[in-house]
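Below is the structure, and that's it, no one-letter string:
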RNA sequence: GGCCCCAUGGUCUAGCGGUCAGGACGUCGGCCUCUCACGCCGAAAGCUCGGGUUCAAUUCCCGGUGGGGUCACCA
């Protein structure tokens, strides 16, 4: 086999996603196995959703895992630039090419117009698809309107009949009827290419030989094949891996699970352990062994050892692996890990600043700062002395859920700095009509498990976004399971969980932080993910 | 709903026509032990269903069912 060239193409729209690591791992291993190149390309053609800092965070996460790339935006390479926002002229050239050969056409339909079209189609129980209203529009007229600066998109002219077939390296032949594929937008009205176009053009120009990506892309693959055809190019080989799932088998989403690589890093998962665990979610090295190193995986890698059903991401197993590996460390190594990861000087200083004026003896630092560490908290003690009056349980659940969504979406909150969080939180109060003292108190309890703690926003920032999210999710579960008669978050007449026998305790202590919460979940809102 | 993908214990998987269906996590029981943890031993728990093909199907084919993905000027 001549050296393959593979890539991951993350979109810088949020925290580094475990899916990116999963797909990245398989790409990386395949490249290394065959002495090929592993490339990182940033797909940032969506100007609205790309966020500052996300790109760096993705690089840092991949490097932490040890998935080093051979070409990428930060290290360059012979086929750059590797950031799609810097490749504008290349895309326009290629669009012009398709326009000139009649493989694509300009479409002047407005978003509203298309929305109305879809509504009608839905109402009539027909599949929603672009109806081709500008497909045969007069070329000269279209060019004139375009020259006049009228906003429009460019669409691929998909053949009306026949079918598009491709070989999936993991699934065999996959066929789609062309009449069911609508004319995909390839250039948006802002002049940026869509994913489909940029992806195909870049993969071709960068010499990508194997496209290894998530199953969610299968249905857009025929569009890509058609694009390769339109350009007269030979498509690469495709391998669609199964999607990582939540415990309920839906596509892994942060609504139900911690999905940030940073979260696992912060909780003290060892990078090689994390890779090993991800690898087992689809790859098997042998009949009766599931612990192996990255090098062993590379050595033994073969597509016939890759399974394709979407695996549930089971944090308990990850932790079991991690525990094993921690025990495998020498005492010196263990201490080194603690010093570099849990109590690194900068981290210690950050926490010390918050604890400084609140303790009387130095060694109170450790118990005082306990909530800065670990995953879920035990809310039993604090439940005995905390309540919100005049608010129903449903209101509490709602407001926490909204808050959790807010820290994801809000530009102020997303960076998770004390200032940003405070700005966001105060606005949030105004919008929800909650008194600051009520909601800040509630958040304090949720985030720290205590009614007294350092300043809420400094504390939240130091606790970290992923832990905060995890605790809110866990709190939602706990609150929803409180006895019915409890007003909101309140001290029930008797303790909520009056007696815990040995077994219960054991169970609780062992429950991993990642355990997905149940009973307090919101309607699914799928995470958007990049091609990784 | 249309289209597409998938299907071995609760979860991740091995299996590639004939196996007591193997391993791992989790669960349960026991041993070790001042406690816990680790470690060790053991147990319960699985081939989605129905048709074919075959001397023989978990394994091959078809269909049902179930799950998932996708139907944007997001990737």
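Okay, I see it. Just so we're clear, the structure is a prediction, and the values are computed from it rather than from any experiment.

Which residue is most remote from the mean position of chain A?
residue A:140 (44.1 Å; C-alpha atoms, centre = their mean).

quick check, it in a helix?
Yes - assessed with DSSP: H, G, I helix; E, B strand; the rest coil, residue A:140 lies in a helix.

any idea how far residue A:106 is from it?
11 Å (C-beta to C-beta, to the nearest Å). Backbone N, C-alpha and C define where each C-beta goes, glycine included.

for chain A, which spans come out with low pLDDT?
A:389, A:484-532 (pLDDT under 70).

How is it divided into domains?
Taking automatic domain parsing as the domain assignment, the ranges for chain A are A:5-73+A:245-319, A:87-241, A:371-510.

Angles on the backbone of residue A:20, please.
The phi/psi pair for residue A:20 (degrees, to the nearest 10) reads phi -60, psi -40.

hang on, it packs against residue A:261?
Yes - the criterion here is C-beta atoms under 8 Å, and residue A:20 meets it with residue A:261 at 7.4 Å.

what is in contact with those two at once?
Contact criterion C-beta atoms under 8 Å, 6 or more residues apart in numbering; residues shared by residue A:20 and residue A:261: residue A:61.

got the contact list for the spatially closest residue to residue A:300 that is not a sequence neighbour?
Once flanking residues are discounted, residue A:300 sits nearest to residue A:285: 5.1 Å by C-beta to C-beta, 6 or more residues apart in numbering. Residues in contact with residue A:285, defined by C-beta under 8 Å, 6+ apart, are A:279, A:292, A:296, A:297, A:300, A:305.

same check, this time on residue A:62
Contacts of residue A:62 (C-beta under 8 Å, 6+ apart): A:16, A:20, A:21, A:24, A:40, A:68, A:69.

ok so, going back, of the contacts of residue A:285, select the buried ones using a PyMOL command.
Restricted to buried positions by 16 or more other C-beta atoms under 10 Å, the PyMOL selection for these reads:
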select buried, chain A and resi 279+292+297
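
what subset of the contacts of residue A:285 is also close to RNA strand B?
residue A:305 (C-beta under 7 Å from any atom of the strand).

Dump the contacts of residue A:285 into TSV; add secondary structure as well.
Formatted as TSV, the contacts of residue A:285 follow (three-state DSSP):
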residue	secondary structure
A:279	helix
A:292	coil
A:296	helix
A:297	helix
A:300	helix
A:305	helix
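
now, which of the contacts of residue A:285 sits nearest RNA strand B?
Closest to RNA strand B out of the contacts of residue A:285 is residue A:305 (6.1 Å), distances taken as C-beta to the nearest atom of the strand.

distance of that closest one from residue A:33?
Counting by C-beta to C-beta, the gap from residue A:305 to residue A:33 is 11 Å.

Could you do residue A:380 as well?
From residue A:380 to residue A:33 the distance is 50 Å (C-beta to C-beta).

can you tell me the helix or strand for residue A:405?
helix A:393-409 (DSSP states H and E).

Report the secondary structure element holding the spatially closest residue to residue A:435 that is not a sequence neighbour.
Once flanking residues are discounted, residue A:435 sits nearest to residue A:429: 7.1 Å by C-beta to C-beta, 6+ apart. If you go by DSSP H and E, residue A:429 is part of helix A:418-432.

okay, the angle between that helix and helix A:393-409?
140 degrees (axes from the mean of the first three to the mean of the last three C-alpha atoms, to 10 degrees).

What distance do you get for the closest residue in space to residue A:415 that isn't next to it in sequence to RNA strand B?
Nearest non-adjacent residue to residue A:415, counting by C-beta to C-beta, 6+ apart: residue A:53, 7.2 Å away. As judged by C-beta to the nearest atom of the strand, to the nearest Å, residue A:53 and RNA strand B stand 17 Å apart.

Just give me the closest of the contacts of residue A:62 to residue A:445.
residue A:16 (29.5 Å; C-beta to C-beta).

Up against RNA strand B, what does the stretch 1-150 of chain A have?
Residues of the stretch 1-150 of chain A lying near RNA strand B (C-beta under 7 Å from any atom of the strand): A:9, A:11, A:43, A:45-46, A:49, A:109-111, A:114, A:118, A:125, A:127-130.

Could you tell me which of these belong to strands?
Taking DSSP state E, every one of those sits outside strands.

ok, back up a step: which strands and helices sit next to the helix holding residue A:429?
Packing partners of helix A:418-432 (3 or more C-beta pairs under 8 Å, 6 or more residues apart in numbering; DSSP states H and E): helix A:393-409, helix A:411-414, helix A:436-448, helix A:456-463.

Run through the bridge partners of the residue nearest in space to the middle of chain A.
Geometric centre of chain A, nearest residue: residue A:17, 3.6 Å, by C-alpha atoms, centre = their mean. Beta-bridge partners for residue A:17, by DSSP bridges, are residue A:260.

Could you confirm residue A:186 falls within a strand?
Yes - per three-state DSSP, residue A:186 lies within a strand segment.

who touches it in this structure?
A:95, A:98, A:104, A:153, A:154, A:155, A:156, A:193, A:194, A:196, A:197, A:227.

Let's see that with 6 Å instead.
With contact taken as C-beta atoms under 6 Å, 6 or more residues apart in numbering, residue A:186 is in contact with A:154, A:156, A:194, A:196, A:197.

with the residues you listed in mind, which one is nearest to RNA strand B?
residue A:194 (4.3 Å).

what about that closest one, distance to residue A:227?
Taken as C-beta to C-beta, the span from residue A:194 to residue A:227 is 11 Å.

more crowded one of these two?
Between residue A:194 and residue A:227, counted using other C-beta atoms under 10 Å, the more crowded position is residue A:227 (26 against 20).

Does that one touch residue A:200 like I think?
Yes - using C-beta atoms under 6 Å, residue A:227 is in contact with residue A:200, at 4.3 Å.

out of the contacts of residue A:186, which are inside helices?
Using DSSP state H, the subset of those located in helices is A:196, A:197.

restrict the contacts of residue A:186 to those near RNA strand B?
Within these, those near RNA strand B by C-beta under 7 Å from any atom of the strand are residue A:194.

from the contacts of residue A:186, which two are the most distant?
Maximum distance among these (C-beta to C-beta): 11.2 Å, for A:154 and A:196.

The two: which has the busier surroundings?
Ranked by neighbour count (other C-beta under 10 Å), residue A:154 and residue A:196 place residue A:154 first, with 26 against 18.

Hmm, that one is touching residue A:104, no?
Yes - with contact defined as C-beta under 6 Å, residue A:154 counts as touching residue A:104 (5.3 Å).

what is in contact with those two at once?
By C-beta under 6 Å, 6+ apart, no residue touches both residue A:154 and residue A:104.

State the distance from residue A:315 to RNA strand B.
Residue A:315 sits at a distance of 9 Å from RNA strand B (criterion: C-beta to the nearest atom of the strand).

what does residue A:159 give?
In terms of C-beta to the nearest atom of the strand, residue A:159 sits 15 Å off from RNA strand B.

tell me which parts of the stretch 201-350 of chain A are close to RNA strand B?
A:215-220, A:240, A:242-243, A:245, A:248-251, A:280-282, A:284, A:287-290, A:304-305, A:307-312, A:314, A:316-317, A:320, A:323-324, A:327.

Relative to residue A:340, how far out is residue A:255?
Taking C-beta to C-beta as the measure, residue A:255 falls 32 Å from residue A:340.

Of those two, which one has the most company?
Neighbour tally, residue A:255 and residue A:340, criterion other C-beta under 10 Å: the higher count belongs to residue A:255, 23 against 11.

before we move on, what SS does the more buried one have?
coil.

got a list of what it touches?
Residue A:255 neighbours (C-beta under 6 Å, 6+ apart): none.

distance between the helix or strand containing residue A:239 and the chain's centre?
If you go by DSSP H and E, residue A:239 is part of strand A:237-241. Taking the mean of its C-alpha atoms, strand A:237-241 sits 20 Å from the chain's own mean (C-alpha atoms, centre = their mean, to the nearest Å).

likewise stretch A:393-400?
With C-alpha atoms, centre = their mean, you get 26 Å for stretch A:393-400.
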